[in-house]
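*Asks:* compute the structure for the input listed below.
(one chain, ligands or ions: 2)
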Amino acid sequence: QLVREMEEKNLPSQEKIERAAEILHQGGLVVFPTETVYGLGADCHNPAAVQRIFSTKGRPADHPLIIHLASAEQLHDYAVDIPAIAEQLAQDFWPGPLTLILKRHPQINPLVTGGQDTLAVRVPAHPVAQALLQSFGRGVAAPSANRFGRISPTTAQHARDELSGQINYLLDGGPCDLGIESTIINLTGPTPQVLRPGSITAAMLETITGPLAAHPSASSPRAPGNLDSHYAPRTATYLVTKQQLQQPDFINREPGSTGVLAINQPAQPFYRQWLSLPDDAAGYARNLYAALRTLDQAGLSCILIQQPPQQAEWLGVNDRLRRAARCL
Ligand code: TXA
Ligand code: MG
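*Replies:* Ligands and ions are numbered 1, 2, ... in the order given. Okay, here's the model as predicted:
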């Protein structure tokens, strides 16, 4: 059935999937699509391969990776003391954009977890990720396929732009559906807690977990997705209101070299570049990173991002924007 879906959607052939799995077995790095963003995968049981993820990304060794599995049935080989709530979350949200933090199985090399005794794990839904994981048969450690601190790739070309020449194989699955990274929930503390908001919202999780602990506002050095500057363009980037966008001189910069990321608004002529994203959170998230990349490559002196709404479904987007931009 998976093979048929892949053929219908013009996704990589089974031959390419098997080639990618073989490269993982040999300790190589494979870029592959997931429903959230593209991942940079390595065999999680091969320390040298995992080490290469860190050096390729320029990622500090104490920043833990997510292990990707084909199905929840494999969970017990990777985590121990798995609470009942984890099984329920897995049943309801896997395969899908939810990462669980559990207690690491002693057989999993702490290199993968940044030295911690907890471990991040998820079962992705993208048919190419599924096919790869099924063919490979065991866990694939994979961070987003970007240089450390930069914007996550949501197309194969973005991943090539980030890591060209440093990877052994790339599976092109087209643009990612969701566009922002998975929701991360920690199940190792006294109360379940969202560590990184995403498409699966706290309200959706709370139907199973009950009330969650408050989202951590302080950044933890152990969670790179939680660093204050992350997902960031190189160009100076600011969050502004819709009103501020109407007054291009309010920040005393040349609007002629300024780019704007607006929400559902026609272009204002005095800005050099104007991109407008949909006004629904899912559509916005799907296109956000590609838009940031386009603006970042346009040689602008600054990027202004219109502040999205504050409702719960925008939490994931607002979390990423807060790290990508400064406030004026
Ligand atoms: O959607 C996603 O999750 C994508 C795709 C490729 O699956 N992956 C991704 O990986 O975003 P990465 O490495 O860019 O982000 C992993 C996040 C980091 O913020 C990391 O700190 C957190 O997961 N994490 C991993 N292990 C953890 C642990 N044991 N405790 C707390 N946070 C952890
Ligand atoms: Mg990342």
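*Asks:* tell me where the stretch 1-150 of the chain has helices.
*Replies:* 2-8, 14-25, 47-57, 84-93, 127-136 (DSSP state H, counting those that start in this stretch).
*Asks:* what's the answer for the stretch 201-328 of the chain, then?
*Replies:* 202-209, 242-246, 281-296, 315-324.
*Asks:* ok, which of those comes nearest ligand 1?
*Replies:* Ligand 1 lies closest to helix 315-324 among those, at 10.6 Å (CB to the nearest ligand atom). Any C-beta I mention is one placed from the backbone N, CA and C, and that applies to glycine too.
*Asks:* does that closest one reach ligand 1?
*Replies:* No. Applying CB under 6 Å from any ligand atom, one finds helix 315-324 separated from ligand 1 by no less than 10.6 Å.
*Asks:* buried sites along that helix?
*Replies:* 315-321, 323-324 (16 or more other CB atoms under 10 Å).
*Asks:* quick check: the two most widely separated of those?
*Replies:* Leu315 and Ala324 (15.0 Å; CB to CB).
*Asks:* looking at the helices of the stretch 1-150 of the chain, which is buried most?
*Replies:* Scoring the helices of the stretch 1-150 of the chain by mean neighbour count under mean count of other CB atoms under 10 Å gives helix 127-136 as the most buried, with a mean of 23.
*Asks:* and that helix, C-alpha only, in CSV?
*Replies:* The C-alpha trace of helix 127-136 is given here as CSV (Å, rounded to 0.1, in the frame of the first residue of the first chain):
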residue,chain,number,x,y,z
PRO,A,127,5.4,8.2,3.3
VAL,A,128,9.1,8.6,2.3
ALA,A,129,10.2,8.7,6.0
GLN,A,130,8.0,5.7,6.7
ALA,A,131,9.4,3.7,3.7
LEU,A,132,13.0,4.5,4.7
LEU,A,133,12.5,3.6,8.4
GLN,A,134,10.7,0.4,7.4
SER,A,135,13.4,-0.6,5.0
PHE,A,136,16.2,0.3,7.4
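*Asks:* who does it touch, helix- and strand-wise?
*Replies:* Applying 3 or more CB pairs under 8 Å, 6 or more residues apart in numbering; DSSP states H and E, one finds that helix 127-136 contacts helix 2-8, helix 14-25, strand 30-32, strand 39-43.
*Asks:* coming back round to it: looking at the helices of the stretch 1-150 of the chain, which is nearest to Leu69?
*Replies:* helix 127-136 (6.4 Å).
*Asks:* and the angle for that closest one with helix 14-25?
*Replies:* Using axes from the mean of the first three to the mean of the last three CA atoms, to 10 degrees, the inter-axis angle of helix 127-136 relative to helix 14-25 is 60 degrees.
*Asks:* contacts for helix 127-136?
*Replies:* 2-3, 5-6, 9, 11-12, 14, 17-18, 20-21, 24-25, 30, 32-35, 39, 41, 43, 68-70, 95, 123-124, 140, 171, 173 (CB atoms under 8 Å, 6 or more residues apart in numbering).
*Asks:* and ligand 1, which of the helices and strands packed on helix 127-136 is closest to it?
*Replies:* Of all those, strand 39-43 comes closest under CB to the nearest ligand atom, at 3.1 Å.
*Asks:* between the closest one and helix 47-57, how many degrees?
*Replies:* Using the same axes, to 10 degrees: strand 39-43 against helix 47-57 is 160 degrees.
*Asks:* what comes up buried for strand 39-43?
*Replies:* 39-43.
*Asks:* and the residues you listed near ligand 1, which?
*Replies:* Near ligand 1, by the rule CB under 6 Å from any ligand atom, you find Gly39 out of those.
*Asks:* understood, closing this out.
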